[in-house]
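[1] Curious how this folds, go ahead:
(chains A and B)
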2 protein chains.
Amino acid sequence: MDIAILVYDRFEALDAVGPFDVLRNLPGAKVTFVAKEVGPVKNSSGALTVLAEKAMRDVTSADILVVPGGFGQEQAMVDEETLAWVRAIDATSTWTTSVCTGSLILAAAGLLDGKKATCHWAALERLRQFNVEPTLERVVFQGKVVTAAGVSSGIDMALRLAQEIAGDDVAMAIQLGIEYDPQPPFDVGSPAKAPAHIVDMLRGLTRHTAASG
Amino acid sequence: MDIAILVYDRFEALDAVGPFDVLRNLPGAKVTFVAKEVGPVKNSSGALTVLAEKAMRDVTSADILVVPGGFGQEQAMVDEETLAWVRAIDATSTWTTSVCTGSLILAAAGLLDGKKATCHWAALERLRQFNVEPTLERVVFQGKVVTAAGVSSGIDMALRLAQEIAGDDVAMAIQLGIEYDPQPPFDVGSPAKAPAHIVDMLRGLTRHTAASG
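    Next up is the predicted model:
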């Protein structure tokens, strides 16, 4: 099972690595990190560099496509080569997925037209401009297209996908393997649950502001 | 605030990237990925390569040290240069932390002597050989040394640390920023909760078996 994870300048590391450390445990999984060119790609903050093993032109199909978000999604979603590649992989993929503002890339590629989708909460409304119905659900299945909410939600999305692909036992084994028994210190992980001053603080910060338009 | 994240051959990607995408949002945070040598370092499965920006000999202090686990911890925990570096950073760190089997590296460096600590559940009992009291808690604070359980627990650990360092509002803002509102498909993230056949399946797999001894 070929899994292609797109990376691009200023992608969000956890958007990619959460699903990676889940999906790579599927039976027969082979994961490839793909970028416009082979070589170093930096995360949103610039402190983490990953190496893309393949260039887009050398990857023509994948069973699962994972598109992360991050500051750099602004450039990626208007980059014709990126959009064409995402469309080409989607044409024969079994599953096409996104995390966080990665759904804006899928939307810009036309893959969410008329569908429901999620996104990082601060950028959710931007989906409307691509004829996509935004929803605050954490993981949204629409046929073979699966979108996840902000950053950490990629873990939940990938476990749900593992369940669809390989069944309950495999998905449970992966969840236990990564010891995913979440105990966050607060119950503030969505804007509906967080205090208003925290939501306002976040909206005011640079982080995801470009994305939230 | 200098944050050093150790990486080594066959580290677990999410162990490092979970805390990274939390702690890098602390005010004034500057994160450096550190390895024995500058250059490429592969994760447990070999599919993800990250670039270490600094060699151990060029990093002599950090406010926060993060030590991930992964298959490669077996080599790291008997590597004298690694253990000496971990001890040297700990000597002046404000916080010394680990995720998953990273606690075995801290233990082998002598930093957990007589303390309580956690680890990936399948490797937990190995802490005893270093005079460490194992506990299945998800995040364990012992003075300035903080250990987290398997893989995904690094996110919870880092949020707790953010709370200690920068207070509730900052920690809540980071949690909302990464939209950490976990909705795992099953409640099987610890061996106490998972069905026995899933626990047995995991114990039987190669994954973490080396670590669990």
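[2] What are the boundaries of the strands in chain A?
    Under the criterion DSSP state E, strands of chain A are mapped to A:2-6, A:30-35, A:39-42, A:49-52, A:54-55, A:64-67, A:95-99, A:116-117, A:133-134, A:139-142, A:145-148.
[3] residue contacts, A:K115?
    A:K115 is in contact with A:132-133, A:142-143, A:145, counting by C-beta atoms under 8 Å, 6 or more residues apart in numbering or on different chains. C-beta: built from backbone N, CA, C; applies to glycine.
[4] can you rerun that using 6 Å?
    For A:K115, the contact set (C-beta atoms under 6 Å, 6 or more residues apart in numbering or on different chains) comprises A:Q142.
[5] Phi first, then psi, for it.
    Backbone dihedrals for A:K115, given as degrees, to the nearest 10, come out at phi -100, psi 170.
[6] mind checking how far the residue lying closest to A:A166 once chain neighbours are set aside is from chain B?
    Across the structure, with C-beta to C-beta, 6 or more residues apart in numbering or on different chains as the measure, the residue nearest A:A166 apart from its sequence neighbours is A:L26 (5.7 Å). Distance, A:L26 to chain B, using C-beta to the nearest C-beta, to the nearest Å: 11 Å.
[7] doesn't A:K36 make contact with A:V59?
    No. Contact status for A:V59 versus A:K36: not in contact, 11.3 Å apart, counting by C-beta atoms under 6 Å.
[8] Off-centre distance for stretch A:156-174?
    In this view, stretch A:156-174 has its centroid 17 Å away from the chain centroid, taken as C-alpha atoms, centre = their mean, to the nearest Å.
[9] circling back: for the residue nearest to A:A166, give me the backbone phi and psi.
    A:L26 adopts backbone torsions of phi -70, psi 140, taken as degrees, to the nearest 10.
[10] what's the neighbour count on it?
    Residues lying near A:L26 (other C-beta atoms under 10 Å in any protein chain shown) number 21.
[11] got it, and A:A91?
    Number of residues near A:A91 (other C-beta under 10 Å) recorded here: 11.
[12] same check, this time on A:E37
    For A:E37, the tally of surrounding residues (other C-beta under 10 Å) stands at 11.
[13] Distance-wise, check it relative to chain B.
    Shown here: A:E37 relative to chain B, a distance of 15 Å by C-beta to the nearest C-beta.
[14] Report pLDDT for that residue.
    What the model reports for A:E37 is a pLDDT of 98.
[15] Can you check the pLDDT for the residue nearest to it when sequence neighbours are not counted?
    Nearest-residue entry for A:E37: A:A55, 5.2 Å, with adjacent residues in sequence omitted and distances by C-beta to C-beta, 6+ apart. At A:A55, the pLDDT value in this model is 98.
[16] next one: the one 3 residues further on
    Looking at A:D58, its pLDDT stands at 98.
[17] Over to A:A210?
    Looking at A:A210, its pLDDT is 44.
[18] quick one: contacts for A:D15?
    A:68-69, A:99-100, A:151, A:154.
[19] One more pass at 10 Å, please.
    Residues in contact with A:D15, defined by C-beta atoms under 10 Å, 6 or more residues apart in numbering or on different chains, are A:5, A:7, A:43-44, A:66-70, A:73, A:98-102, A:120, A:148, A:150-154, B:17, B:21, B:178.
[20] quick revisit: who does the residue nearest to A:E37 bridge with?
    Following DSSP bridges, A:A55 is listed with bridge partners A:A35.
[21] you'd agree it is up against A:V41?
    No. With contact taken as C-beta atoms under 10 Å, A:A55 and A:V41 are classed as non-touching, separated by 11.4 Å.
[22] neighbour-wise, which of the two wins?
    A:V41 (24 against 14).
[23] Please name the nearest non-neighbouring residue to that one.
    Excluding its sequence neighbours, the residue lying closest to A:V41 (C-beta to C-beta, 6+ apart) is A:V7, at 4.6 Å.
[24] on that earlier part again, can the strands of chain A go into a markdown table with extra columns for distance to B:W85?
    As requested, these are exported to a markdown table (distance: least, C-beta to C-beta, whole Å):
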| stretch | distance to B:W85 |
| --- | --- |
| strand A:2-6 | 31 |
| strand A:30-35 | 28 |
| strand A:39-42 | 24 |
| strand A:49-52 | 21 |
| strand A:54-55 | 34 |
| strand A:64-67 | 34 |
| strand A:95-99 | 34 |
| strand A:116-117 | 45 |
| strand A:133-134 | 47 |
| strand A:139-142 | 40 |
| strand A:145-148 | 37 |
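[25] Setting aside sequence neighbours, what's the nearest residue to the residue with the largest distance to the centre of chain A?
    For chain A, the largest distance from the centre (C-alpha atoms, centre = their mean) belongs to A:H197, which lies 27.2 Å off. In space, and not counting its chain neighbours, A:H197 is closest to B:D169: 7.6 Å by C-beta to C-beta, 6+ apart.
[26] Pull the contacting residues for that neighbour.
    A:195, A:197-198, A:201, B:163.
[27] Local confidence estimate at the nearest residue to A:S152 once chain neighbours are set aside?
    In space, not counting the residues next to it along the chain, A:S152 is nearest to B:Y180; the distance is 4.4 Å by C-beta to C-beta, 6+ apart. As summarised for this prediction, B:Y180 has a pLDDT of 98.
[28] And for the one 3 residues further on?
    Predicted confidence (pLDDT) for B:Q183: 98.
[29] Tell me how far it lies from B:A148.
    21 Å (C-beta to C-beta, to the nearest Å).
[30] So those two - more neighbours on which side?
    B:A148 (35 against 17).
[31] contacting residues around the nearest residue to that one once chain neighbours are set aside?
    With sequence-adjacent residues excluded and distances taken as C-beta to C-beta, 6+ apart, B:A148 is closest to B:M157, at 3.6 Å. The contact partners of B:M157, by C-beta under 10 Å, 6+ apart, come to A:183, A:185, B:18-19, B:22-23, B:66, B:97-99, B:118, B:138-141, B:146-149.
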